[in-house]
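Enquirer: fold the following.
(one chain, ligands or ions: 1)
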Amino acid sequence: MSDTNELLSSARAAIAGAGDPASLDAVRIEYLGKKGKLTELMKGLGSVPPEQRKERGAALNQLKNDITAELERRTESLNSGALDARLAAEKVDITLPPRPAPDGRIHPISQTIDEIVSIFGDMGFVVAEGPDIEEDFYNFTALNIPPEHPARQTQDTFYLNVTSTSPGATEPSPMVLRTHTSPVQIRTMMSQKPPIRIIVPGRTYRSDHDATHSPNFHQVEGLVIDTSTHMGHLKGCLIDFARAFFDVPDLPLRFRPSHFPFTEPSAEVDIGCSRKSGEIKIGNFGDWLEVLGCGMVHPKVIANCGLDPAIYQGFAFGMGIERMAMLKYGIPDLRTFYEADMRWLKHYGFAPVDMPSTTGGLAR
Ligand code: DAH
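Expert: Numbering: from 1, shown residues only. This is a model prediction of the structure:
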């Protein structure tokens, strides 16, 4: 039996001498592998006289178990040694000064959308979205803008060479790049039961291009539909919003009668400002600045969506996001929003770790 003892002590020495997982594996193969030392002894079992075979077999099995156990112990200690070495090497010195902020910035349009959504979110609105490529029905017809209505021309619509047949229509009509976010009002009223309270940020398109107009711009739409919402709610909601967004608690708002085909009555909303030496300041300074359109949703629009206007009513509003961002953050030129100029973005953009909030990033 001394050959098994010999083998065990030589295996122990080899295992102890293996300094890393690869050499330990080589030792395993040397002893337990197909042509390993222990395997060779096992093969010899057949030539052992039958009366000794049982004892010899048990001894060899024991030897195998012992070597396997030694290998496992060594693997564990090598691994924990490796872990200790890694922990030592990757130690973080928390007393070092913070690194400079990364170069990336949140674009003012994204930041402004986040701020607007967070204010209306606090009031119980949820975000809704619709497609940029829209059907004529949702963009115009269902919003009570009939085919010959001047809004279809004055809005300078981009028409596509693709047609679709809208709900209730017999003829296909060209698809459009949506000229406003208002079609999402229709999509929502046609797919959800009131009460509805949505806020809709998104891209919009018109074929304008000058210092204050870009062919691609952004709007936010709001819609509230239930059985009892009235114009007092519309006013209160927009007053609270504007004061929170511009962070001016006594900001005056003025509701001027206006016209939109999809609201009745309709209003345009002005906020207080001053324009001394060409610079616009938001606040209670005696002058006025238009910021958004709104009104009570027209009964025809409610009926166009399959809802009963004798039961349901509510309000809607729409505003330009670039305009809101320019006013809040003092950005003078609309075109700079889309130039992807890193110097501009470093100046007007927001650090990625800034949480969007009602006063997010306000520099005062
Ligand atoms: N869709 C209008 C536009 O693009 C803005 C607007 C005005 C939206 C009044 C509304 C609203 O929901 O009630 O000019």
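
Enquirer: which bits of this protein sit near the ligand?
Expert: Proximity of the chain to the ligand, by CB under 6 Å from any ligand atom, involves residues 180, 182, 221, 260, 263, 293-295, 316-318. C-betas here are computed from N, CA, C, even on glycine.

Enquirer: would you mark the buried spots in stretch 67-86?
Expert: Buried residues in stretch 67-86, counting neighbours by 16 or more other CB atoms under 10 Å, are found at 67, 70-71, 74-75, 78.

Enquirer: ah, wrong one, I meant stretch 111-125
Expert: Buried residues in stretch 111-125 (16+ other CB under 10 Å): 111-120, 125.

Enquirer: which other helices and strands contact the longest helix belonging to the chain?
Expert: Among the segments of the chain that qualify as a helix by DSSP state H, the longest is helix 50-89. For helix 50-89, the packing partners by 3 or more CB pairs under 8 Å, 6 or more residues apart in numbering; DSSP states H and E come out as helix 2-17, helix 21-32, helix 37-43.

Enquirer: which SSE is immediately downstream of that helix?
Expert: Scanning forward in sequence from helix 50-89 by DSSP states H and E, the next helix or strand is helix 108-122.

Enquirer: returning to that earlier point: how far off helix 21-32 does the longest helix of the chain point, in degrees?
Expert: Helix 50-89 and helix 21-32 are oriented at 180 degrees to each other (axes from the mean of the first three to the mean of the last three CA atoms, to 10 degrees).

Enquirer: tell me what angle helix 50-89 forms with helix 2-17.
Expert: Interaxial angle, helix 50-89 versus helix 2-17 (the same axes, to 10 degrees): 10 degrees.

Enquirer: for the remainder of this discussion, apply numbering that starts at 7.
Expert: Happy to do that; since the first residue is 7 now, the last one works out to helix 56-95.

Enquirer: and stretch 154-174, how far from the chain's centre?
Expert: Stretch 154-174 sits 31 Å away from the centroid of its parent chain (CA atoms, centre = their mean, to the nearest Å).

Enquirer: now the buried residues of stretch 117-131 as CSV including pLDDT?
Expert: CSV is the format used below for the buried residues of stretch 117-131 (pLDDT from 0 to 100):
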residue, pLDDT
117, 94
118, 96
119, 96
120, 94
121, 95
122, 96
123, 96
124, 95
125, 96
126, 97
131, 97
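
Enquirer: out of those, which is nearest to residue 167?
Expert: When these are compared for distance to residue 167 (CB to CB), residue 119 wins out at 30.8 Å.

Enquirer: report the contact partners of the closest one.
Expert: The contact partners of residue 119, taken as CB atoms under 8 Å, 6 or more residues apart in numbering, are 207, 224, 226, 327.

Enquirer: ok, now with 7 Å
Expert: Shown in contact with residue 119 (CB atoms under 7 Å, 6 or more residues apart in numbering): 207, 327.

Enquirer: from residue 223, how far out is it?
Expert: Between residue 119 and residue 223 the computed distance is 12 Å (CB to CB, to the nearest Å).

Enquirer: could you do residue 260 as well?
Expert: In terms of CB to CB, residue 260 sits 24 Å off from residue 223.

Enquirer: and these two? Which one has more around it.
Expert: Between residue 260 and residue 223, counted using other CB atoms under 10 Å, the more crowded position is residue 223 (19 against 13).

Enquirer: wasn't the more buried one part of a strand?
Expert: Yes: counting by DSSP: H, G, I helix; E, B strand; the rest coil, residue 223 is part of a strand.

Enquirer: surely it and residue 328 touch.
Expert: Yes: Residue 223 lies in contact with residue 328 (CB atoms under 7 Å); the separation is 5.6 Å.

Enquirer: low pLDDT regions in the stretch 57-206 of the chain?
Expert: Within the stretch 57-206 of the chain, the stretches with pLDDT under 70 are 107-108, 157, 160-161.

Enquirer: residue 137: what's it in contact with?
Expert: For residue 137, the contact set (CB under 7 Å, 6+ apart) is empty.

Enquirer: nearest to residue 253, out of the helices and strands packed on helix 56-95?
Expert: Counting by CB to CB, residue 253 lies closest to helix 27-38 out of the helices and strands packed on helix 56-95; the figure is 60.7 Å.

Enquirer: which elements pack onto that closest one?
Expert: helix 8-23, helix 43-49, helix 56-95 (3 or more CB pairs under 7 Å, 6 or more residues apart in numbering; DSSP states H and E).

Enquirer: excluding chain neighbours, what is closest to residue 355?
Expert: Closest residue in space to residue 355, ignoring its immediate chain neighbours: residue 111 at 2.8 Å, by CB to CB, 6 or more residues apart in numbering.

Enquirer: that neighbour: neighbour count?
Expert: Residue 111: 20 surrounding residues under other CB under 10 Å.

Enquirer: just the helices in the stretch 157-306 of the chain please.
Expert: Taking DSSP state H, counting those that start in this stretch as the test, the helices found in the stretch 157-306 of the chain are 157-160, 189-197, 237-252, 305-310.

Enquirer: for the last one, what is the distance to the chain centroid?
Expert: Right, helix 305-310. From the chain centre to the centre of helix 305-310 is a distance of 33 Å (CA atoms, centre = their mean).

Enquirer: who does the next helix or strand after that helix pair with, and is each partner parallel or antiparallel?
Expert: Counting by DSSP H and E, the next helix or strand C-terminal to helix 305-310 is strand 319-326. Looking at strand 319-326 with DSSP bridges, its partner strands are strand 222-232 (antiparallel), strand 293-303 (antiparallel).

Enquirer: can you name the residues in contact with the helix or strand following strand 319-326?
Expert: Where DSSP H and E defines the elements, the next helix or strand beyond strand 319-326 is helix 327-335. For helix 327-335, contacts defined as CB under 7 Å, 6+ apart pick out 114-115, 118-119, 207, 223-226, 251-252, 286, 288, 297, 337, 340, 343, 354.
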